[in-house]
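Visitor: fold the following, please.
(4 chains)
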4 protein chains.
Amino acid sequence: MNGSEARTDSKHPKVIGDFPGHFLPGVLFFIIALWWIIKNILKHVCEQQKRSSFLLTKEFFIRAEIMEGIVIVGMAIVGITGLYLMLGKRNQLPDKESQLVLVLHWHHLAIYFFFAMLGGTKILCFTIRSLPVSLVKLMLSNALFVDAFIFYNHTYDRALVDTFGHQLLSFAMFLAGLVAFLELFTKNNLILKLLRSSLTMLHGLWFLQVAFVLYPKNRDHAWDLSDHSNVMFLASCFCFYYALTYFIIGINYALITWLVKWRLSKLCTSETQLLKSPEQQEESENEM
Amino acid sequence: MNGSEARTDSKHPKVIGDFPGHFLPGVLFFIIALWWIIKNILKHVCEQQKRSSFLLTKEFFIRAEIMEGIVIVGMAIVGITGLYLMLGKRNQLPDKESQLVLVLHWHHLAIYFFFAMLGGTKILCFTIRSLPVSLVKLMLSNALFVDAFIFYNHTYDRALVDTFGHQLLSFAMFLAGLVAFLELFTKNNLILKLLRSSLTMLHGLWFLQVAFVLYPKNRDHAWDLSDHSNVMFLASCFCFYYALTYFIIGINYALITWLVKWRLSKLCTSETQLLKSPEQQEESENEM
Amino acid sequence: MNGSEARTDSKHPKVIGDFPGHFLPGVLFFIIALWWIIKNILKHVCEQQKRSSFLLTKEFFIRAEIMEGIVIVGMAIVGITGLYLMLGKRNQLPDKESQLVLVLHWHHLAIYFFFAMLGGTKILCFTIRSLPVSLVKLMLSNALFVDAFIFYNHTYDRALVDTFGHQLLSFAMFLAGLVAFLELFTKNNLILKLLRSSLTMLHGLWFLQVAFVLYPKNRDHAWDLSDHSNVMFLASCFCFYYALTYFIIGINYALITWLVKWRLSKLCTSETQLLKSPEQQEESENEM
Amino acid sequence: MNGSEARTDSKHPKVIGDFPGHFLPGVLFFIIALWWIIKNILKHVCEQQKRSSFLLTKEFFIRAEIMEGIVIVGMAIVGITGLYLMLGKRNQLPDKESQLVLVLHWHHLAIYFFFAMLGGTKILCFTIRSLPVSLVKLMLSNALFVDAFIFYNHTYDRALVDTFGHQLLSFAMFLAGLVAFLELFTKNNLILKLLRSSLTMLHGLWFLQVAFVLYPKNRDHAWDLSDHSNVMFLASCFCFYYALTYFIIGINYALITWLVKWRLSKLCTSETQLLKSPEQQEESENEM
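Guide: Residues are numbered from 1 along each chain as shown, chains lettered A, B, ... in the order given. Okay, the predicted model is just below:
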């Protein structure tokens, strides 16, 4: 009771939600984006080396997509179950607040539902061969846009910094959705895939940042949620997180290239690698 | 008189329009979107099976387009006639309100007029062969954008929830118009056609939702039109309706594929179907 | 003095500018859009008939472009000269107002200047052969966007209806600029050219409408510039003007097709026209 | 103390920042845009003349890109060092203001950081051949968008004219980022490259204009930062600066074409130049 009162003064207004509710989705989005980065770089490097080892065949990548679909559906089901378990808690809240928490639960349900649909479409499209594969891209774009739409309508009557944090969550997701929509019109464009992954990772990292800003461990060092200079500081933080995603992409690129080359040189040292570089150059240019 | 007064209190402000005025267009948009979904999936499945039965020839689809044009023109004429018949009612209203109703009638007339133009262009382009077919796509995009523009300028001085409901109507139509505009630059892109159909169906379903929210059957369970948590709840509803359109598309896809295959297997059981699946896979990939 | 006072009451606030200042640009934009429509349809029909008569050769169209450039430069110079002549009048105005009129003159000068640049680029690109032709498209897009940008920043401290009228001017120009920018990435896309022309014509027609709304001939039937239902009514007017541009395009298309066919049949009746229609159909489909 | 007080009256409110802080980036952006213009026109003219002299080979342009990368990284490091040196000064400021200056320093750091990343990517992609070249385009687009995002969040609690000036800085950068993003999907599109350069140059020129508006040399002729007619005047200024960039492009185009031709005619007068012009025409048309 004491802590709750301390938070509802002018500097630290009432904040809905809790730390794990923002930390966990952040981690999930980070992991999924990291997996997209690894998958796409691996696919790109394999194509560039123009040979598939015993492991990294086309079937491997199709199986990876199906597995990704199952994992996404699983995550969504866990999330939805979690929502229903947490629904019990709200009986302890006052009436008005209880209603708002219920509405926010519907918001989260909508997001989980669209990711479940994405997972389901992924499983269907990569198992039933007559379905167009681009349907997966459309459902991905839909899931990201719906996420952005929900977060855009999520921030009524919140503190300045709280609102701004959620608007940037929506902004990162909207951009990711836009890039995913552009992918509908391209075929195997590595740059767009990495851009979409980096924006999704930014969304995940920003969830973590928001969790630490809104629900600080140490109440004494809490952020002043109504100070506009905090908003301006968060704007530059957002950019630095975005820069960070490119460093993560760069490290992955270097590691995967080295791994594939090292593996290949062990498995098939007999094959000549002369005159390889001009071709590679050409490929990397044709890519776009 | 009693009921009308009860509605103009702070929780239930005066709502312009009536239930059938929002229910009927909703049903019409739903039907037209459903027809687009069936037509495009049928066309896609026929192309994928690489043979046309006696019924589903190219001429059949051209005739279907002309018929669609005639139906759209018919609907628009019925709508415009209905507007003029309802214009008589407004004499019973007070002066200020009568003027507003007249202005709203002009809004509806503009929408009907552009759909009539779409229908007319469809009939002309599919009968006169020298006209470019892409003109139909332009007029479709125009009709959807004008619809969105009108709804955007439709919501002055309304209750919070009323305004939000109409903004989402405008939003769905704007997105559908954007996709229709993108179709100008593509050729036979199934995914874009389904996306446009699903957004149009969402527009239709949302009309139905708005009708039930604004003009409830049971006055005692009426929505509080000035409560912001209703706005947030409607935002998640909007997403679930969007998800619903994809389930409708999925069911249609499964049914039509099954019907075409079953029909084909009855009509031409002699032809071999060996080695079909790799080709189909390739096609579905080339599609985008 | 009497009339000016009558206009500055609450219903008829002070309106800057005069009737000819909005009527003349409206007529100019209408004429230029009409010329674009005629030029592009003529080019399209000639290509579709797959032969050029003595008159409508490729050289004819290049000369037409150069002539168009000269006319646009001429119009811009006349406009700039007119601005300087009208600058003298403002000495009679009070100090504050005089400054505002000067600022608005700079606005008009910017618009005329960019159209002069468009004209100049047109002349240069079609006379000097080494210059890329797409530079003309870029300058056209620039001129339209600058026009939209200026009108967007044009409407400070005006009456409701006055502001809305100028926002729609800006809106039509912005859309025309967007289409002109898209033309950069396409080659001879008739639909985009007609769309850009129709939006420019809409801009012209809307100038005429704004002139009649803001500076009515008969002061007794003046519009109430602060009534929001007038804004809503103007929104539907805007759509009907847009519909009108398509009727003008349709009439031009029909007339020009008939003229070219009639002329061709007179000039070269000997050549066979058998089996023409399937080809034409194909062409009109390939067009997009 | 005296001057500072004079500035914080209603007409001349407190302005954060100083003259060199806006003048220097303006000069840097102008120089980099000028270099882009010269580089791209030189490349275009060399390709058009279909031969490379001893100097302007493909290797020359690759080396030029690497050198550009090094220069950009160098500029960014100088900028970041400058920021840390200036950080000492803020101890003299009152507490609240000191905090704001620190936040603004983080903003500038984010911008410099992304340009450093652009430079680094340029060096890596043009030295390591297996990296996709389009990564450079993505990082350029990122740097420009981040710049626009930072400036958009930069203008809290400033005077009217100050805010508008910074919004236009953000606007020019946003457009440049958009064009750079579009370049991802094209290959050697001269027009888009020149458009991106002209918008970056506009950004630079506008920095200079903002420097002179906000920090006038002569305090007596200072701009009234709260007068809206100054905002409207600056809107037209912005357009004229944009026009100026095209004149700079035009002069460069003429000079470089003349130089290349003159140099070529000196180096290789023996080769025939007959029948050149029709080819060139074709090329310039194919370009888009």
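Visitor: roughly how far apart are residue A:221 and residue A:231?
Guide: Distance check for residue A:221 against residue A:231: by Cβ to Cβ, to the nearest Å, it reads 18 Å. (C-beta placed from N, C-alpha, C; glycine too.)
Visitor: more crowded one of those two?
Guide: The residue with more neighbours, out of residue A:221 and residue A:231, is residue A:231; 20 against 7, by other Cβ atoms under 10 Å in any protein chain shown.
Visitor: that one and residue A:165: what is the separation?
Guide: 9 Å.
Visitor: per-residue pLDDT, the closest residue to chain D within the stretch 1-150 of chain A?
Guide: Taking Cβ to the nearest Cβ as the measure, the stretch 1-150 of chain A has residue A:48 as its residue closest to chain D, at 6.6 Å. The model reports residue A:48 with a pLDDT of 77.
Visitor: nearest to chain C: which residue in the stretch 1-150 of chain A?
Guide: For the stretch 1-150 of chain A, Cβ to the nearest Cβ, closest residue to chain C: residue A:134, 20.0 Å.
Visitor: typo on my end, it should be the stretch 151-288 of chain A
Guide: residue A:185 (12.5 Å).
Visitor: the residue of the stretch 1-150 of chain A closest to chain C and residue B:191 touch, don't they?
Guide: Yes - if you go by Cβ atoms under 8 Å, residue A:134 and residue B:191 touch, sitting 5.1 Å apart.
Visitor: tell me the residues of the stretch 101-250 of chain A that contact chain B?
Guide: A:103-104, A:106-107, A:109-110, A:113-114, A:117, A:129-135, A:137-139, A:142, A:146, A:149-150, A:153-154, A:156-157, A:184-185, A:187 (Cβ under 8 Å from any Cβ of the partner chain).
Visitor: then stretch A:147-159 to PDB, C-alphas only?
Guide: Listed next in PDB are the C-alpha coordinates belonging to stretch A:147-159 (Å, rounded to 0.1, in the frame of the first residue of the first chain):
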ATOM      1  CA  ASP A 147       0.900  -5.400 -33.200                       C
ATOM      2  CA  ALA A 148       1.600  -1.800 -34.200                       C
ATOM      3  CA  PHE A 149      -2.100  -0.900 -34.400                       C
ATOM      4  CA  ILE A 150      -2.800  -2.300 -30.900                       C
ATOM      5  CA  PHE A 151       0.100  -0.500 -29.300                       C
ATOM      6  CA  TYR A 152      -1.000   2.700 -31.000                       C
ATOM      7  CA  ASN A 153      -4.400   2.400 -29.300                       C
ATOM      8  CA  HIS A 154      -2.800   1.200 -26.100                       C
ATOM      9  CA  THR A 155      -1.700   4.400 -24.400                       C
ATOM     10  CA  TYR A 156      -4.700   6.400 -23.300                       C
ATOM     11  CA  ASP A 157      -4.300   8.400 -20.100                       C
ATOM     12  CA  ARG A 158      -0.700   7.400 -19.300                       C
ATOM     13  CA  ALA A 159       2.200   9.400 -18.200                       C
END
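Visitor: pLDDT of stretch A:162-181, averaged?
Guide: 93.
Visitor: who in the stretch 51-200 of chain A is up against chain D?
Guide: A:186, A:190-192, A:194-195.
Visitor: what are the buried residues along the lengthiest helix in chain A?
Guide: Taking DSSP state H as the criterion, chain A has its longest helix at helix A:228-267. Within helix A:228-267, the residues scored as buried using 16 or more other Cβ atoms under 10 Å in any protein chain shown are A:229-239, A:241-243, A:245-246, A:248-249, A:252-253, A:256-257, A:260, A:264.
Visitor: re earlier: neighbour-wise, which one of the residues of the stretch 51-200 of chain A next to chain D leads?
Guide: residue A:195 (26 neighbours).
Visitor: not counting sequence-adjacent ones, nearest residue to it?
Guide: residue A:179 (5.1 Å; Cβ to Cβ, 6 or more residues apart in numbering or on different chains).
Visitor: and for that neighbour, the neighbour number?
Guide: 23.
Visitor: residues touching it, list them.
Guide: Residue A:179 is in contact with A:192, A:195-196, A:199, counting by Cβ atoms under 8 Å, 6 or more residues apart in numbering or on different chains.
Visitor: which elements pack onto the helix or strand containing residue A:65?
Guide: Using DSSP states H and E, residue A:65 falls within helix A:58-87. Packing partners of helix A:58-87 (3 or more Cβ pairs under 8 Å, 6 or more residues apart in numbering or on different chains; DSSP states H and E): helix A:19-48, helix A:95-127.
Visitor: so which bits of the helix or strand where residue A:178 lies are buried?
Guide: Residue A:178 belongs to helix A:160-183 when assigned by DSSP H and E. Buried residues in helix A:160-183, defined by neighbour count with 16+ other Cβ under 10 Å: A:161-166, A:168-183.
Visitor: same thing with stretch A:118-134?
Guide: Neighbour-count burial for stretch A:118-134 [16+ other Cβ under 10 Å]: A:118-126, A:130-134.
Visitor: quick one on the thing from earlier: any residue of the longest helix of chain A touching chain D?
Guide: Yes - Helix A:228-267 lies within reach of chain D by Cβ under 8 Å from any Cβ, at A:228-229, A:231-233, A:235-240, A:242-243, A:246, A:257.
Visitor: so in chain A, where's the weakest helix or strand by average pLDDT?
Guide: helix A:2-7 (a mean of 39; mean pLDDT, DSSP states H and E).
Visitor: helix, strand, or coil at residue A:188?
Guide: coil (DSSP: H, G, I helix; E, B strand; the rest coil).
Visitor: find me the pLDDT at it, would you?
Guide: 83.
Visitor: check residue A:278 too.
Guide: Residue A:278 is given a pLDDT of 43.
Visitor: circling back to that earlier point, of all the helices and strands packed on helix A:58-87, which lies closest to residue A:59?
Guide: For the helices and strands packed on helix A:58-87, the distance to residue A:59 is smallest for helix A:95-127, at 10.7 Å, taking Cβ to Cβ.
Visitor: now the next helix or strand after that closest one against helix A:160-183, angle please.
Guide: Sequence order places helix A:134-152 as the next helix or strand after helix A:95-127, per DSSP H and E. Put simply, helix A:134-152 runs at 160 degrees to helix A:160-183, going by axes from the mean of the first three to the mean of the last three Cα atoms, to 10 degrees.
Visitor: what helices or strands is helix A:134-152 leaning on?
Guide: helix A:95-127, helix A:160-183, helix B:190-214, helix B:228-267.
Visitor: in TSV, list those along with distance to residue C:26.
Guide: Formatted as TSV, the helices and strands packed on helix A:134-152 follow (distance: least, Cβ to Cβ, whole Å):
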stretch	distance to residue C:26
helix A:95-127	47
helix A:160-183	37
helix B:190-214	34
helix B:228-267	40
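Visitor: any idea which of those helices gets closest to residue B:28?
Guide: Nearest of those to residue B:28, taken as Cβ to Cβ: helix B:190-214 at 7.2 Å.
Visitor: mind saving the C-alpha coords of stretch A:171-190 as PDB?
Guide: Included here for stretch A:171-190 are C-alpha records, laid out as PDB according to Å, rounded to 0.1, in the frame of the first residue of the first chain:
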ATOM      1  CA  PHE A 171       6.700   2.800 -34.400                       C
ATOM      2  CA  ALA A 172       9.300   0.000 -34.600                       C
ATOM      3  CA  MET A 173       6.600  -2.600 -35.200                       C
ATOM      4  CA  PHE A 174       4.900  -0.400 -37.900                       C
ATOM      5  CA  LEU A 175       8.300  -0.100 -39.700                       C
ATOM      6  CA  ALA A 176       8.900  -3.800 -39.400                       C
ATOM      7  CA  GLY A 177       5.400  -4.500 -40.900                       C
ATOM      8  CA  LEU A 178       6.100  -2.100 -43.700                       C
ATOM      9  CA  VAL A 179       9.400  -3.900 -44.600                       C
ATOM     10  CA  ALA A 180       7.600  -7.200 -44.400                       C
ATOM     11  CA  PHE A 181       4.900  -5.900 -46.800                       C
ATOM     12  CA  LEU A 182       7.600  -4.800 -49.200                       C
ATOM     13  CA  GLU A 183       9.100  -8.300 -49.100                       C
ATOM     14  CA  LEU A 184       5.800  -9.500 -50.700                       C
ATOM     15  CA  PHE A 185       7.100  -7.800 -53.900                       C
ATOM     16  CA  THR A 186      10.700  -9.100 -53.800                       C
ATOM     17  CA  LYS A 187      12.200 -12.500 -53.900                       C
ATOM     18  CA  ASN A 188      15.000 -13.500 -51.500                       C
ATOM     19  CA  ASN A 189      16.100  -9.900 -50.800                       C
ATOM     20  CA  LEU A 190      18.700 -10.400 -48.000                       C
END
